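Asks: Dropping a prediction and its sequence here:
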There are 2 protein chains.
Amino acid sequence: MNIAQIEAAAARLDGHVRRTPLLSSPFLDEIAGRRVLVKPECLQHTGSFKFRGGWSALSALEPEVRARGVLAYSSGNHAQGVALAAARHGAPAVIVMPSDAPTLKIDNTRALGAEVVLYDRSTEDREEIGARLAAERGLTLIKPYDEPLVIAGQGTVGLEIAAQAAAEGVTEADVLVCCGGGGLTSGIALACEARAPGLRVRPVEPEGFDDVARSLVSGRIERNDRTAGGFCDAIITPAPGELTFPIMHRLCGPGLVVSDDEVRRAMAFAFLRLKLVAEPGGAVALAAALFHADEIAGDAVVVVISGGNADPGVFAAALGTLE
Amino acid sequence: MNIAQIEAAAARLDGHVRRTPLLSSPFLDEIAGRRVLVKPECLQHTGSFKFRGGWSALSALEPEVRARGVLAYSSGNHAQGVALAAARHGAPAVIVMPSDAPTLKIDNTRALGAEVVLYDRSTEDREEIGARLAAERGLTLIKPYDEPLVIAGQGTVGLEIAAQAAAEGVTEADVLVCCGGGGLTSGIALACEARAPGLRVRPVEPEGFDDVARSLVSGRIERNDRTAGGFCDAIITPAPGELTFPIMHRLCGPGLVVSDDEVRRAMAFAFLRLKLVAEPGGAVALAAALFHADEIAGDAVVVVISGGNADPGVFAAALGTLE
């Protein structure tokens, strides 16, 4: 992976993906004790950065391959990102989703034009279902993070951060990134290495699912004990990817780990001070900036809010932390 | 008032005010039956468009006049907009606020560096208090809407809409604007007249406080029976302004009037589909686009979300409409 792949993705994304702004609030600066610059990918199409990777992958396929259709496994944001990217390319999309995925996310994925194939997590194997569908119909699998085209697409967030932070006079800072499998984190890290070498990416994860932080310490891929039951569902994955981990290991600073309560409070501050809806997994980086300030150095910090597909009840409960 | 005043304001605002994006969602398009392009001024500094007018007015003062300080009356968004604009100009700001204003808004205004003078709505006259302070200290009053520099500042929203809608291929559409005293509405109307004559501005108000809609029908300034107790507090004013009404009468299409329940549902859809926090007064235009589609013509509609300073409890209650 290199910067040329990210720049090629940026060229394919141009005019199709939103260039999200870089936001700030003096109230957040005060809490964090430094300038906080927020990149709100919750404002991206489908409500998360995943549309970038989906578009990057779809747009790079040979037209006749794309016309046969694409396949993705996902219970959430990757599903919607691939579904919309496929719809806008006029390509069929099949998304294999667990039958207990949130109804809203299933409905959204269907409404974006995808065929949703539900499976029972306890009795069926999604990879087997996917492999059969792919073979029968000639579908191309779009992996959620361990795929160069997807990493390159997510890396365009980093190109934008490099330019937007420089415009704010910030060229030396930590960039805190909500991290699941590491597609977004490694993509941003590659972009910053080339375009803003004073910006250092640091992955942020929730307590109990800190596989990347531990992997960065040990120098090899460490796994989570469990992958179910996490509050920050969008960024809970078994382990860093085979492609993403070496990039993160080479380029990232130490991982940060936040509690679910800190995530709720960060969601509430995003509401109050930025007028943004962040989902739990999308708010971990802001939580680290606000509540782990002593683990961060420098006069400024860049924070990615990676998604906003929050359940209304979960969001309302998070607002309760303001009382 | 003319376009040159708005362009002069835009030059003063450049680099200090956010150029908010133009957002959309296929799910909103489906509800509205046409393309819906949303201008989210809730993402502006201080959480509402009011910062534009505040900056426009402050930046146009003679330095020695500005150094003596400015004065504003407001219980909400204008207070915060003027306070931050003053702070960034290094000028003192005195904001006269009712003692029963929301604690959060009083605290925010103070935190932004302003001196807050509280008065009792039932026993004191804010204009008398303001006049005394202005005389004693040589403060300059910044009116919330009936002031050319303020109208020009708000009009910069219209310059951005004209350019951003054209980039989306939309040159003929209604532009729905949340309307209180008419500063934002008249400013956008003047900008569109000059830069996007196919865009027609229409004010949107809540039921029971439809002074502008009635004034546009009768051709003269009509007043509201009451100015207290409205759900959409940010846009409830006694009557359209002496300066803003003639502009609206000359340039605007018919007003639209929405119910409080429609406003709550629009807030919920802004949460769900745009990942934005809209306050009640900031959501009336979106409510009209979604729920009064038969009163609107054309393939597309532009909607301004004017502010996002929603009370957490009010916001959580609005999310309840999604169940």
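Replies: Okay, I see it.

Asks: All the strands of the stretch 201-323 of chain A, residue numbers only.
Replies: Taking DSSP state E, counting those that start in this stretch to define them, one finds strands in the stretch 201-323 of chain A at A:256-258, A:300-305.

Asks: pLDDT averaged over the longest one - what is it?
Replies: Translated: strand A:300-305. Mean pLDDT, taken over the full extent of strand A:300-305, equals 98.

Asks: any bit of it sitting next to chain B?
Replies: No - Strand A:300-305 is not in contact with chain B by C-beta under 8 Å from any C-beta of the partner chain; minimum separation 9.0 Å. C-beta coordinates here come from the backbone N, C-alpha and C atoms, glycine included.

Asks: other SSEs contacting that strand?
Replies: For strand A:300-305, the contact count by 3 or more C-beta pairs under 8 Å, 6 or more residues apart in numbering or on different chains; DSSP states H and E identifies strand A:35-40, helix A:148-167, strand A:173-178, helix A:280-291 as packing neighbours.

Asks: Make TSV from the ones you listed and add mean neighbour count to it.
Replies: Formatted as TSV, the helices and strands packed on strand A:300-305 follow (neighbours: other C-beta atoms under 10 Å in any protein chain shown):
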stretch	mean neighbour count
strand A:35-40	25
helix A:148-167	24
strand A:173-178	29
helix A:280-291	30
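
Asks: among those, which is nearest chain B?
Replies: strand A:35-40 (7.8 Å; C-beta to the nearest C-beta).

Asks: what helices or strands is the closest one leaning on?
Replies: Using 3+ C-beta pairs under 8 Å, 6+ apart, the elements in contact with strand A:35-40 are helix A:26-32, helix A:148-167, helix A:280-291, strand A:300-305.

Asks: Comparing the strands of the stretch 201-323 of chain A, which stretch has the densest surroundings?
Replies: Taking mean count of other C-beta atoms under 10 Å in any protein chain shown as the contact definition, the stretch among those with the greatest mean neighbour count is strand A:300-305, which reaches a mean of 28.

Asks: residues making contact with that strand?
Replies: A:32, A:34-42, A:49, A:157, A:161, A:165, A:168, A:170, A:172-178, A:184, A:188, A:199, A:270, A:276, A:278, A:282-283, A:285-286, A:288-289 (C-beta atoms under 8 Å, 6 or more residues apart in numbering or on different chains).

Asks: try it again with 7 Å
Replies: Under the criterion C-beta atoms under 7 Å, 6 or more residues apart in numbering or on different chains, residues A:32, A:34-42, A:157, A:161, A:165, A:170, A:173-178, A:199, A:270, A:276, A:278, A:282-283, A:285-286, A:289 lie in contact with strand A:300-305.

Asks: Could you spell out the sheet neighbours of that strand, each with its direction?
Replies: Partner strands for strand A:300-305, per DSSP bridges, with pairing direction: strand A:35-40 (parallel), strand A:173-178 (parallel).

Asks: A:Ile3 against A:Leu190, yeah?
Replies: Yes - assessed by C-beta atoms under 7 Å, A:Ile3 is found in contact with A:Leu190 at 6.3 Å.

Asks: Looking at those two, which one has more neighbours?
Replies: For A:Ile3 and A:Leu190, the more surrounded residue by other C-beta atoms under 10 Å in any protein chain shown is A:Leu190, and the numbers stand at 26 against 17.

Asks: which residues touch that one?
Replies: Counting by C-beta under 7 Å, 6+ apart, A:Leu190 touches A:Met1, A:Ile3, A:Ile6, A:Gly155, A:Gly158, A:Ile247.

Asks: Kindly reformat these as a markdown table containing distance to chain B and pLDDT.
Replies: Conversion of those to a markdown table gives the following (distance: C-beta to the nearest C-beta, whole Å; pLDDT from 0 to 100):
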| residue | distance to chain B | pLDDT |
| --- | --- | --- |
| A:Met1 | 29 | 91 |
| A:Ile3 | 26 | 97 |
| A:Ile6 | 22 | 98 |
| A:Gly155 | 21 | 98 |
| A:Gly158 | 19 | 98 |
| A:Ile247 | 28 | 98 |
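
Asks: I'd like the residues you listed as TSV, with distance to A:Glu127 appended.
Replies: Supplementary listing: the contacts of A:Leu190 in TSV, determined by distance: C-beta to C-beta, whole Å:
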residue	distance to A:Glu127
A:Met1	24
A:Ile3	32
A:Ile6	29
A:Gly155	27
A:Gly158	30
A:Ile247	25
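
Asks: which residue sits closest to A:His45, ignoring its sequence neighbours?
Replies: For A:His45, the nearest residue in space outside its immediate sequence neighbours is A:Phe51; the separation is 4.5 Å by C-beta to C-beta, 6 or more residues apart in numbering or on different chains.

Asks: cool, A:Gly307 as well?
Replies: Sequence neighbours aside, A:Ser48 is the residue nearest to A:Gly307 in space, at 3.3 Å (criterion: C-beta to C-beta, 6+ apart).

Asks: Mind pulling up the pLDDT for the one you found?
Replies: 97.

Asks: for it, what are its contacts?
Replies: With contacts defined as C-beta under 7 Å, 6+ apart, the neighbours of A:Ser48 are A:Glu41, A:Cys42, A:Asn77, A:Gly81, A:Ser306, A:Gly307, A:Asn309.

Asks: Now for these: which two are most distant?
Replies: Based on C-beta to C-beta, the longest span within the contacts of A:Ser48 runs between A:Cys42 and A:Gly81 and measures 12.8 Å.

Asks: out of the strands of the stretch 201-323 of chain A, nearest to B:Pro254?
Replies: Using C-beta to C-beta as the criterion, the shortest distance between B:Pro254 and the strands of the stretch 201-323 of chain A is 39.0 Å, found for strand A:300-305.

Asks: so that closest one versus helix A:148-167, what angle?
Replies: Orientation note: strand A:300-305 sits at an angle of 140 degrees relative to helix A:148-167 (axes from the mean of the first three to the mean of the last three C-alpha atoms, to 10 degrees).

Asks: Can you show me the helices along chain A?
Replies: Read by DSSP state H, chain A holds these helices, from start to end of the chain: A:3-13, A:26-32, A:50-60, A:63-68, A:77-88, A:103-111, A:126-137, A:148-167, A:183-195, A:211-218, A:244-251, A:260-269, A:280-291, A:312-319.

Asks: The ones you listed into TSV, with extra columns for distance to B:Ala131?
Replies: As requested, the helices of chain A are exported to TSV (distance: least, C-beta to C-beta, whole Å):
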stretch	distance to B:Ala131
helix A:3-13	56
helix A:26-32	31
helix A:50-60	55
helix A:63-68	69
helix A:77-88	56
helix A:103-111	54
helix A:126-137	72
helix A:148-167	43
helix A:183-195	55
helix A:211-218	60
helix A:244-251	61
helix A:260-269	39
helix A:280-291	42
helix A:312-319	40
